[in-house]
Structure formats: C-alpha cells, structure tokens
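# fold the stuff below for me.
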Amino acid sequence: MKPNLLNGLICLLVTTSTLQSQPTAVDHPSSGWSMTSGKFGSTRWAAKVSPDKALTEYPRPQLARDRWMNLNGLWEYGMVSGGDTQPESYSGKILVPYPLEAPLSGVGQMIDTVKGQSYATTRLWYRRSFLIPEAWAGNRILLHFGAVNWESKIALNGKLIGQHRGGYDGFSMDITDALKADHENVLEVSVWNPLDEGGFPRGKQTRQPNGIYYTPSTGIWQTVWLEPVPRVSIENLKIDPDVDHQRVQITCPIQGESTGMKIQSTAWDGQTQVAETTSPAGQTQILSIPKPKLWSPDSPFLYRLKVEIVSATNPSGDSVESYFGMRKVSLGKDKDGIVRILLNNQFVMGNGVLDQGFWPDGNYTAPTDEALQYDIESIKKLGFNLSRKHVKVEPDRWYYWADKLGLMVWQDMPCTGDGIHAKPPVYLDPSSIRQKQFGVELKSIISDRFNHPSIVMWIVFNEGMGLWNPKGYELDDDIRAFMRRMVDLASASDQTRVINGESGSPMGYYQGWNVLDIGTGQIMDAHCYGTTKCITPTEERASVIGEYGYAHYLDAGWKYQSLIHNPGISGLIWTQITDVENEKNGLMAYDRSQFTEDPEKVARKNAEFKKQY
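Predicted coordinates for the structure are as follows:
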C-alpha cells in the first residue's frame, strides 16, 4: 500500500525548537492586516503568521480526508449591541482563527473597551466569501468549526443554516442546499460571548483580567474548513481499545442511506497491515491486534487506521484516515496493596504540570502548530510525563502531539465561574438552564476527544468554581445534586478513563477550603499550596494532588514527591508550565523565550523521582 496522509503525520520527525530572540510586530499592510501590539509581548512563532499562513494544517488528524478547503484567513468583522441585527457596515478585517482580543487577530481589543458595546449584549459578526471548486461537483459539502466562543449563529447567502452553544466543542453542518453553484457564497457568523454574566463554561476568561483570571477569547478561535463528501459518508469514529483482549472496537456512524453498504477498517503498524475487517454499515466492528504494542509516555506507539465505505455498486466510497493507541486506564492495587491509577495494568506515577493553554499573541489560540508541538516537547524535556489541561479544551492537534510524543493528560471541564460565594452574581439565565447547558457541553467535549489515548482522566469541577449557592462552601442540596448528575454523566459517557469529580477537595478544614468532596468519582484530589497534607487512598478511590507548589520547583518538589509512598498518591501537578499574563510562576516565560529554572536540573530531578517508583 502507498503511504497516506496520516502516515506522513505520524512518521514526522519531531525535534525541539531552538530558542530565538523575540520578533518585531508582524505587519502585512497590503492585506489590510497587521498584528497589534499586545500587552504581554509575542512569541517567536508570531513572525510566521500571515493572512495566508494562519494554522494551515489539517485540523482533525483522527478523521482526516485528502480534500478540504481551509477558511482561515482574513474575514470582515463588526459589532452590534443588542439583538441579532447585522451591522450596517463592517469595521475592518480580522485574522481567523485568532480571537478578537488577541494581537494576532489584528484587532486585539476587548469588547467592553469599545464605546457602546459590552460582553453581555454585543454580538461579534464575521463575514467572508468563497467559491466551491468545480472538482467538488456532485458531493455534499460540509462546513466545520473547530470551536467558536461561545454562542454562534451561521448564515450562508443570507439564510440561517445553523447555530451552536458551547465554546470548546466542534460542530459541523451540511451546507449543500444553501450553496449557489458557480457563484461566490457569502458566509456570516455572529457570536455572543457573555463571559461573567452568562454563567456558562468559560474557564479562566473574564471581563476584568487580573491574577489567575485572564483576557477573553471571543469568537472563532479554532480552524474553520470545508470538506466534500459523497452522499453516503462517514460521520464520525469512536475507537475503543481493549488491551486485555488484544482488540480494538470501532463504531462508525454513517450519514445518508447506507442500505447495502459495508465498512472496511484496516489497522497498520507503519507499512505493515496487522488487522482488517469488513461488516455491514451500522454494526460495531472488532479488530484483533495480536501482541499489541502498548501506548505509554515512554513508548507512545500509534497504529494507523483507515476506514472506508465499500459496496458492489460504489467500490470507491468515502474513506478517512485515523490512528489509535492501545492503552488501558483503570484503578487497581499496586504491589503494596495501595489503590492507584493504573496504565496498562501497571502503576505509572503521574508527574505533571498545570497547563492553562494561553498565549501572549493568540490568547486561547497558539500562533502555529509548531508552537503547540513545542509546549509538549518542553514538558517532556523537563522530565514530566503528564499535563493537567486546566479549565480549557485544546484543538485536536494539541492532543495529536500529546498522543505522538507520549504525554498523559488530565483533562478539565471548563468552569462556569471564578469560585464559591455566598452572594451569587445576577446571571442572564436561571440556574436550571445553566446547569443543563453545562451537561450538554461536558458530554460533547468527552465525545469530541474520546479517541485520544493521551487523555487518561476527566476532571468535572475545579475548586468549586462556578458552584454558586447561598450557603457558600457548605454546599446546598441543589448544588450537590448537580455535581452528582454531572459526574454520573461523565462516567456514563466514558467508562474507559477515571473520573475526577472535584479537583481541589481537601478532606477537612485548611487553606480556607471546606469539604467539597461529596464522594463522587474515582479520585480524591487535594490542592496543596504551602502544605503537604493530602488524602489517603481508600479501597474504592485513588488519591492525587491536583495542584501544588507555585514557585521554585527545584527547591520545593521533593517534599511532595515523597507522598507517593505515604499516604500513596497516584499523581501530582506542579503549578505551572508557563507564566500566564500577570501570573509569574511558570517553568517557562509566557512568551516561551526561556526557562525560568535550569531545564537540565529539572529533568535530572524528575529522573531521580521516577526511580522511586
């Protein structure tokens, strides 16, 4: 078989980028776009960004097709306060997919700073046109958004064709019937990002950035693209490895009339075929993987996967390239009888860093794919094997690099607020609507990122953020019931990973925290700033330190690392991998220009730590 698109991705040689001096502001006056001067500077990758070079890589490595059109680039933008009225005229150009407030967007402005506008009432409008290639004739045309923050309404040629709520999950729509053949098509997107007033998942974004809360990322912040597919096409893949039985289960939903169609799935180890199966469309498939090469941080092996629709009348139907890792996550006892988080039935200590995923020039959006890769390389270079992706969800390509380079991920659900207070703010919608929406987004995020072997844990809540109620830290019945529903939802959505119901739940009174752990999930998680007090594992639940440290890793880390033996934690997360805006406690500077502690010494320290288990 000839090499394919995904094989090229997986076989890519990965090298650590050399640190370079800071670039000057990027300017492309002929295009009507230039990078604004950001408050926190820029990374060296910003110099590589231009209107025709804005995240050009295929955005979805686990469901990849050869033909696609990238809609990243310059769009028109405008703002309108109140209602869904279109702007009378557009204000200028914005570089998609960098969010409005980011310097790389070319706007670099918070909505509240614009006269007459506010996050609570303003809609941000985008507009651009495109032509469908003649070669795509006869296909259905899909429009994909990686993520838009937060509520989006999509119109094509003046007709509303779809809407979506949620700032971290992708969405798609079939736009074929709204297209104009042989004419330019006008695409418009209007976005509302209510932030603090909304009470919906927003992570660390806020109207008033300060301390541990940061500049917002409004609007389109991940790649937008078009894709032609046959009338009968592959909608999605769910890939579920079964290490104990040496097999992988594949579920392949189909769009269109699939009577008489079959699905053929083939797994590859490099160029060597290791498994193949064909079954009627709609049936779950089982691929046997004899003597599988297991995925782990030390050996992140990935199998290639090709899935295609075949039939007697249409032998060349839709096909997608993908990949998977054979790995298992579970709870179990180690040789000393301590309940641990196990990887492939073995205890692998999670030694990780808190990773907020912010950039000085792109806010939520990394300037380039190389920059995403560099962050993960740097975490590995420092000797860590784990990232806690903190109250933010990354684009698929970040997880691709984690899969490929071998980095375990504890994935947070983005929070809806900044803490528990006895006097809650006035939200635009009642609690019942906000709680329901949280569940919708949680389920969608888990589904979107299910296939990535690097993700080993879902974290549903963090430090009670967003759990507003009149009793403050003494959670009332409504909040407890909501927490249980959401943890149950996460558990039902994914039984292949461990569920951490509440990160930052000390079992007792100290550091101002009350008892937030209400017994949900498989993990007990303490945040240990200024203390080594943590939680002893039980017969049913493992113990971790979800955050600790805050400064001087070389001096402070050792006293926490000793807790792996007594009381027996399964992982710990140092705060944090980079500085973020005004928060100066990272192992790297915010612009990634330098490490703040000697990287070789940090790596040696972590190598010694690894020998302890």
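# now whichever helix or strand residue 480 is part of, how far from the chain's geometric center?
Taking DSSP states H and E as the criterion, residue 480 maps to helix 477-493. Relative to its parent chain, helix 477-493 has a centroid offset of 21 Å by C-alpha atoms, centre = their mean, to the nearest Å.
# can you name every helix or strand that it contacts?
helix 431-448, strand 455-462, strand 498-503 (3 or more C-beta pairs under 8 Å, 6 or more residues apart in numbering; DSSP states H and E). For every residue, glycine as well, the C-beta is placed using N, CA and C.
# who wins for proximity to residue 227 among these?
helix 431-448 (16.7 Å; C-beta to C-beta).
# what packs against the closest one?
strand 159-165, helix 477-493.
# for the ones you listed, give me CSV that also has distance to residue 537.
Formatted as CSV, the helices and strands packed on helix 431-448 follow (distance: least, C-beta to C-beta, whole Å):
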stretch, distance to residue 537
strand 159-165, 38
helix 477-493, 18
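# deepest in the core, which of these is it.
helix 477-493 (a mean of 17; mean count of other C-beta atoms under 10 Å).
# ok, and what's touching that one?
413, 431, 435, 438-439, 442-443, 446-447, 458, 460-461, 467, 469, 475, 499, 501-502, 518, 520-521 (C-beta atoms under 8 Å, 6 or more residues apart in numbering).
# tell me which helix or strand in the chain has the weakest average pLDDT.
The weakest-scoring helix or strand in the chain, judged by mean pLDDT, DSSP states H and E, is helix 5-10 (a mean of 39).
# okay, now residue 37: neighbour count?
10 (other C-beta atoms under 10 Å).
# I'd assumed residue 109 was in contact with it.
No: the criterion here is C-beta atoms under 8 Å, and residue 37 misses it with residue 109 at 11.8 Å.
# which stretches in the stretch 101-250 of the chain count as strands?
122-130, 140-145, 148-149, 151-156, 159-165, 171-174, 185-192, 219-220, 224-229, 233-234, 238-242, 247-251 (DSSP state E, counting those that start in this stretch).
# can you check the stretch 251-400 of the chain too?
Under DSSP E, counting those that start in this stretch, the stretch 251-400 of the chain gives strands at 254-255, 262-269, 272-280, 285-288, 303-310, 319-324, 329-333, 339-343, 346-347, 350-355, 386-389.
# list the buried residues of the last one.
Buried residues in strand 386-389, defined by neighbour count with 16 or more other C-beta atoms under 10 Å: 386, 387, 388, 389.
# show the average pLDDT along the helix holding residue 480.
Helix 477-493 shows an average pLDDT of 94 in the prediction.
# ok, which of the helices and strands packed on helix 431-448 comes nearest residue 209?
Using C-beta to C-beta, the nearest of the helices and strands packed on helix 431-448 to residue 209 is strand 159-165, at 23.8 Å.
# what's the closest of the helices and strands packed on helix 431-448 to residue 541?
Comparing the helices and strands packed on helix 431-448 under C-beta to C-beta, the one sitting nearest is helix 477-493, at 12.3 Å.
# nearest to residue 365, out of the helices and strands packed on helix 431-448?
Shortest distance between residue 365 and those, using C-beta to C-beta, is found for strand 159-165: 18.1 Å.
# ok, and the closest non-adjacent residue to residue 568?
Leaving aside its sequence neighbours, residue 568 sits nearest to residue 338 (C-beta to C-beta, 6 or more residues apart in numbering; 3.9 Å).
# gap between that neighbour and residue 467?
30 Å (C-beta to C-beta, to the nearest Å).
# quick one, helices of the stretch 451-600 of the chain?
Here the stretch 451-600 of the chain has its helices, by DSSP state H, counting those that start in this stretch, at 477-493, 553-561, 599-611.
# so which of the ones you listed is nearest residue 331?
That would be helix 477-493 among those, by C-beta to C-beta, at 12.6 Å.
# where are the low-confidence patches of this protein?
1-30, 314-316, 419-425, 468-474, 505-515, 557 (pLDDT under 70).
# 80 instead, please
Applying pLDDT under 80 to the chain flags residues 1-32, 312-316, 418-427, 468-476, 505-516, 557-558.
# can you give me the domain boundaries for it?
Following automatic domain parsing, the chain resolves into domains at 22-229, 233-324, 335-611.
# which residue sits closest to residue 602, ignoring its sequence neighbours?
In space, and not counting its chain neighbours, residue 602 is closest to residue 382: 4.8 Å by C-beta to C-beta, 6+ apart.
# what sits against the one you found?
Each residue near residue 382 by C-beta under 8 Å, 6+ apart is listed here: 353, 587, 595, 599, 602, 603, 606.
# just the CA atoms of stretch 59-78, as CSV, please.
The C-alpha trace of stretch 59-78 is given here as CSV (Å, rounded to 0.1, in the frame of the first residue of the first chain):
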residue,chain,number,x,y,z
PRO,A,59,-7.2,20.3,11.9
ARG,A,60,-8.6,16.8,12.7
PRO,A,61,-5.9,14.1,12.5
GLN,A,62,-8.2,11.3,13.7
LEU,A,63,-10.8,11.8,11.0
ALA,A,64,-8.7,13.0,8.1
ARG,A,65,-9.7,13.4,4.4
ASP,A,66,-7.5,14.3,1.5
ARG,A,67,-9.8,17.0,0.0
TRP,A,68,-10.6,20.1,2.1
MET,A,69,-10.6,23.9,2.0
ASN,A,70,-9.2,26.0,4.8
LEU,A,71,-11.3,29.1,5.6
ASN,A,72,-8.7,30.5,8.0
GLY,A,73,-7.5,33.9,6.9
LEU,A,74,-8.9,37.4,6.7
TRP,A,75,-12.6,37.9,7.3
GLU,A,76,-14.6,41.1,7.8
TYR,A,77,-15.8,41.8,11.3
GLY,A,78,-18.2,44.2,13.1
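# any buried residues in that stretch, and which?
59-65, 68-78.
# what of stretch 110-121?
With burial defined by 16+ other C-beta under 10 Å, the residues of stretch 110-121 counted as buried are 110, 111, 117, 119, 120, 121.
# between the residues you listed, which sits nearest residue 555?
Closest to residue 555, out of all of those and judged by C-beta to C-beta, is residue 110, at 37.5 Å.
# that closest one and residue 125: what is the separation?
In terms of C-beta to C-beta, residue 110 sits 17 Å off from residue 125.
# what does residue 275 give?
From residue 275 to residue 125 the distance is 49 Å (C-beta to C-beta).
# more neighbours, those two?
A count of neighbours by other C-beta under 10 Å puts residue 125 above the other of residue 275 and residue 125, at 24 against 19.
# distance of that one from residue 55?
22 Å.
# also residue 96?
Residue 96 is 9 Å from residue 55, by C-beta to C-beta.
# thinking again about what came up before, pick the most deeply packed of the helices and strands packed on helix 477-493.
Greatest burial across those, using mean count of other C-beta under 10 Å, falls to strand 498-503, with a mean of 26.
# which strands or helices does that strand pack on?
strand 329-333, strand 455-462, helix 477-493, strand 523-528, strand 542-549.
# what's the angle between it and strand 542-549?
Relative orientation of strand 498-503 versus strand 542-549 (axes from the mean of the first three to the mean of the last three C-alpha atoms, to 10 degrees): 50 degrees.
# show me the beta-bridge partners of residue 305.
residue 267, residue 322 (DSSP bridges).
# likewise residue 143?
As for beta bridges, residue 143 partners with residue 173, residue 226 under DSSP bridges.
# count of neighbours near it?
Neighbourhood size, residue 143 [other C-beta under 10 Å]: 24.
# my read: residue 327 touches residue 453, true?
Yes: in terms of C-beta under 8 Å, residue 327 counts as a neighbour of residue 453; the distance is 4.9 Å.
# one step back: nearest to residue 289, out of the helices of the stretch 451-600 of the chain?
Between these, helix 477-493 lies closest to residue 289; by C-beta to C-beta that is 24.5 Å.
# much appreciated, bye for now.
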